[in-house]
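[1] what shape does this take:
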Amino acid sequence: MKGLAKKAVCLVMSLAMISSFVGCSKKSDKSSEEVVSAAQNVMDALIAGNGKKLSKTGEFSDETISLVDDLQSSESFKLVMDKAKYEVDADSIKESKNSTSVKVEVAYPDLTAISEEASLDELKDEIESQKEKDYAKTKITMEFAQEDDAYVITNGDDVVEELYKAMFDSLSGNGGEKSVVTEKDPTETDPTVTTDTAPTDTTPTETETEPTTPPTEPPAAASATYDVIVYSDDKTIFHFNKVDTEGVHFTVENLTDHEVKIQAESLSIDAISIMDIIMSDAVPAGGSAEVVAKCEAPIHDLIGTVSGRFNVVDFETYSNTYSAPFDTVVIDDTAPVPAVAPTGVLIAEDANLQIYYKGLNSEGVVFEIVNVTGIDLSPRVNSVAINGRNIKDVIWYINDLAPHSMGEVVAKSKDVDASETVGTISAQFELEEPDDSFEEYRLTVNTTVVDAGVTVTPPEVQGTVIYEDVNVRITFKELSSDGPVFFAENLTDIDVIVQAESLSINRRGIYDVFMSLHTAPHSVCEVTAEGEIDASQQVGMISGGFIFANPDDRRSNYMVHVDNVVIDANVTVEAVPEGTLIYEDEKIRIYFKEVREKGVAFDIENLTPYNITVQDRDLLLNGVEPEGTLMSDDVAPSSVNEVVVKCKPDTSTPVTSITIDFAVFSWDDKVETYDAVAENVAIG
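    Alright, predicted model coming up:
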């Protein structure tokens, strides 16, 4: 059958066990559909200038929402947005921990050449006459988290700033400080309207004085101006110019016959890495242009050295895209450049970087990282624990560290109390592969004392232990409106990924349950397995399948099958499947439930003590295959679980016959793979 290829791919992905466990699974399905849909909702609200709609897509500050609403009154902005287009790159989706990212490319009319004094009509004409191939383009990265079975954006303010700044640059000849169109003050008199009253003579009389010119504001703080080549090849030449309150200025010569966009991956001034760069500036074919890395850069009278890496991007032909790195280029040898002096407690060090713990603030856990190499590095944090408590939902969203520089970074989380006194820390950092210089690797920080004067009290664990071995302990605490709450304890010296593949309460499975987190060495984390559940019910039994993984050694990853551990023996437990029985063997029973707008629902009764995975190979309703069928759902041991083949079925015609071919297996071969086939089973 056609599903053989699909099954083979899914099995390969499942057995490969990538660090986030996202192969042909329900989470991958969400990534390809729901993440893209969530990104589209954000972009639609941004393009419409609809702050109310935008606020429903995730986390945004009041200032950002107010800005979006204010832009509705700008006619010039509306003209540009009416022509704006975007594309969500589904192939760029990355899932890790409890965060999912996706890249979006936005194209919009490029108005950098139009005069700042242009009228609204002139602006409109320019926009109408511009071809799409000449549009300005920018790429933004959206970060999402799962809340209430939906994806919500978590870096909303950054996205708005990055997108609108790029657009404002296009709307202005001076870096976005002024609108290209001077929009009319509604209190001014319209010169096209005549009145019966003669205009007042405003010619000064002898006793009147000419209005004085308002004093010129002092120039913005800036460093000295330079013209130093920091990078050159046969395609581009980069000249460093200056640093001011807008950012770091360069002039780029484009020696090619195509336009390029310059984007900054990393940048440092006098060995201090700048962690808030926004940059995507165009340089015309065969010409030169100023490009600005917009950021809060340290401004000195004299600039001693710069380091960094730019991307030279050809949006028309990506094969022309490449990196332009530069390491500790001397700008002014008379400038006093202080030696890099990190602060805090050194908690990790190797040949590439040094990591210092600095403290806690209102955003999260603060680190200082020193890049001791001649290339830019992309460190990320997988997990961090303070005083033995694993911090939940850590977000690490920074630019790269420039060569031979130091930067302060924050592992952001709402699960941090800045007033907590810190005695110990454990963590795992991941160093991504930069320009194929070396393989990606991880740096683990076992429990390290940062203040011996602090008495560390281990986090309190409450509830019933449902699984324990030498590596992990899982304790059920309670039900919440978001799903079951557990304590996950990492008993090892390494980072351990804890993931729930399936869960059932009182033998009834939780559909599409989601729990996946990195746990720092020797730490405890209270975590919710997100899924739709009746939180008011009394819990008698719990079953489920958990995967425990070591990101550094995938061969050591393993699954455990928790088969209905008794929580309260006094609770009556019963789970009755719903629908028409269409398939049965000694391992499972499959019931057809209903056709829905976005898929076909089944109840599957797992008769084994193992977590099983069920994937669709083939599905026919009334002899017709629905469009876009996809399913890879897990069913907890000895339980009944709903599964859904996501597709676009015909909901207008009742189902009178059904054919299925489902692959049934367990990740660790406790149940060897086989086909559950039912052909032309009558329904109703």
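[2] for the closest residue to Val456 other than its chain neighbours, give me the pLDDT.
    Closest residue to Val456 apart from its sequence neighbours, by C-beta to C-beta, 6 or more residues apart in numbering: Gly423 at 4.2 Å. Using the backbone N, CA and C atoms, a C-beta is placed for each residue, glycine as well. Listed pLDDT for Gly423 reads 96.
[3] check contacts around Gly423.
    Asn387, Val449, Val450, Asp451, Ala452, Gly453, Val454, Thr455, Val456 (C-beta atoms under 8 Å, 6 or more residues apart in numbering).
[4] can I have the buried ones of these as a PyMOL selection?
    The buried residues among the contacts of Gly423 can be selected in PyMOL (16 or more other C-beta atoms under 10 Å) with this line:
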select buried, resi 387+450
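[5] narrow the contacts of Gly423 to those in helices?
    The helices, defined by DSSP state H, take in nothing from those.
[6] from the contacts of Gly423, which is closest to Asp675?
    Distance ranking of the contacts of Gly423 against Asp675, using C-beta to C-beta, places Asn387 first at 51.3 Å.
[7] mind pulling up the phi and psi values for the closest one?
    Main-chain torsions, Asn387, degrees, to the nearest 10: phi 50, psi 40.
[8] need the contact list for it.
    Glu420, Val422, Gly423, Thr424, Val454, Val456, Thr457, Pro459.
[9] all helices of the stretch 151-300 of the chain, in order?
    156-170 (DSSP state H, counting those that start in this stretch).
[10] okay, and for it, where does confidence drop off?
    Within the stretch 151-300 of the chain, the stretches falling below the threshold (pLDDT under 70) are 165-220.
[11] repeat that for 80
    Residues of the stretch 151-300 of the chain meeting the criterion pLDDT under 80: 161-221.
[12] still on that earlier bit, so which of the contacts of Asn387 sit within strands?
    Using DSSP state E, the subset of the contacts of Asn387 located in strands is Thr424.
[13] could you give me the buried positions within stretch 126-139?
    Glu126, Ile127, Gln130, Tyr135, Ala136, Lys137, Thr138, Lys139.
[14] check stretch 484-491 too.
    Residues Pro484, Val485, Phe486, Phe487, Ala488, Glu489, Asn490, Leu491 are the ones in stretch 484-491 that count as buried (16+ other C-beta under 10 Å).
[15] ok, back up a step: ok, the residue nearest to Val456 to Val454 distance?
    Separation of Gly423 from Val454 (C-beta to C-beta, to the nearest Å): 3 Å.
[16] name the SS class of Thr651, please.
    coil (DSSP: H, G, I helix; E, B strand; the rest coil).
[17] could you measure from it over to Asp616?
    For Thr651 relative to Asp616 (C-beta to C-beta), the value is 18 Å.
[18] distance of Ser99 relative to Gln146?
    From Ser99 across to Gln146, the span is 9 Å (C-beta to C-beta).
[19] Gly156 now?
    16 Å.
[20] have a look at these two and say which one is more surrounded.
    Gly156 (22 against 19; other C-beta atoms under 10 Å).
[21] show me the contacts for that one.
    Applying C-beta under 8 Å, 6+ apart to Gly156 gives the contacts Val42, Leu54, Thr57, Gly58, Glu59, Phe60, Thr64.
[22] quick revisit: quick check: of the contacts of Gly423, which lies closest to Ser288?
    For the contacts of Gly423, the residue nearest Ser288 by C-beta to C-beta is Val450; the value is 49.7 Å.
[23] need the nearest residue in space to that closest one, chain neighbours excluded.
    Spatial nearest neighbour of Val450, excluding adjacent residues (C-beta to C-beta, 6+ apart): Val345 at 4.5 Å.
[24] now for that neighbour: which residues touch it?
    Shown in contact with Val345 (C-beta under 8 Å, 6+ apart): Tyr356, Tyr357, Thr448, Val450.
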